[in-house]
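*Asks:* what's the 3D shape of this:
(one chain, ligands or ions: 2)
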Amino acid sequence: MIDEAVIGEAKRYVAQAFAGDSSGHDVHHTLRVHRMACHIAEEEGADVGIVSLAALLHDVDDHKLSPRTHATLGNARAFLGEHHVAEREAQRVLAAIREVSFSENGSAPPSSIEAACVRDADRLDALGAVGIARAFAFGGAHGRALHDSEGDDASTTIAHFYDKLLLLEEMMSTRAGRRLAEGRTATIRRFLEDFYAEWDGVR
Ligand code: ADP
Ligand code: NI
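*Replies:* Ligands and ions are numbered 1, 2, ... in the order given. Reported below is the predicted structural model:
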């Protein structure tokens, strides 16, 4: 059993680890993923303690944020050690974190229900109203154009919707994740329809 106090410590730890980040991996992303992963875990009957810790720690060794510890999950490992999480549970948390990343795992199925909950929650955060907001925040931070109606610029934020966001619905691993992704993808499709109509001056 994961001690409730360790979850509180993990929340404090991530608040400090992500202080000042505006790349889309801020602490609020982590806290949203945590809430959503717990919600999915309850519906799926997964171990909520393992899911909670894996969700809170899933980005502390992200390759953009902490390139030196990415391969070893050094930050997550150190946190689990310092807070005396039992070795067997620590291994389950670390295994789940490894299976979250979109770029590294693509559509390979997760090997535990706990990893599935966290991965679906992380992907859901790229969808829906929040996902749209994050995409434009990312685009702004990287100096990308909103859209190119000629289709010459492949790096626009609207292009990212087709390159990644609209594909996520098919990549969910849990029933709850699939249902939520369906609703959030519909939000994105409605947004795109409005966006093009406004871009063209139609409405
Ligand atoms: P992860 O680390 O979860 O695999 P990323 O770091 O690639 O995901 O993405 C973090 C957030 O930034 C997501 O909401 C994603 O949609 C957004 N994002 C990533 N790449 C782009 C891009 N080229 N244009 C717009 N948004 C992007
Ligand atoms: Ni994430």
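
*Asks:* Just the mean pLDDT for the helix of greatest length in the chain, thanks.
*Replies:* In the chain, taking DSSP state H as the definition, the longest helix is helix 175-199. Averaging pLDDT along helix 175-199 gives 98.

*Asks:* ok, and what's touching that helix?
*Replies:* Helix 175-199 is contacted by residues 36, 39-40, 43-44, 116-117, 120-121, 123-124, 127-129, 131-132, 147, 149, 158, 161, 165-166, 168-169, 172, 203 when judged by CB atoms under 8 Å, 6 or more residues apart in numbering. From N, CA and C alone the C-beta is placed, and that goes for glycine too.

*Asks:* Pull out the buried members of these.
*Replies:* Burial by neighbour count, judged by 16 or more other CB atoms under 10 Å, picks out 36, 39-40, 44, 116-117, 120-121, 123-124, 127-128, 131-132, 147, 158, 161, 165, 168-169, 172 from the contacts of helix 175-199.

*Asks:* Return the subset of those lying in strands.
*Replies:* The members of the buried ones among the contacts of helix 175-199 all map outside strands under DSSP state E.

*Asks:* These: which ones sit near ligand 1?
*Replies:* Among those, the ones lying near ligand 1 by CB under 6 Å from any ligand atom are 131, 165.

*Asks:* check the buried ones among the contacts of helix 175-199 against ligand 2, which are close?
*Replies:* Counting by CB under 5 Å from the ion, nothing from the buried ones among the contacts of helix 175-199 sits close to ligand 2.

*Asks:* So which of the buried ones among the contacts of helix 175-199 are in helices?
*Replies:* Those of these lying in helices (DSSP H): 36, 39-40, 44, 116-117, 120-121, 123-124, 128, 131-132, 158, 161.
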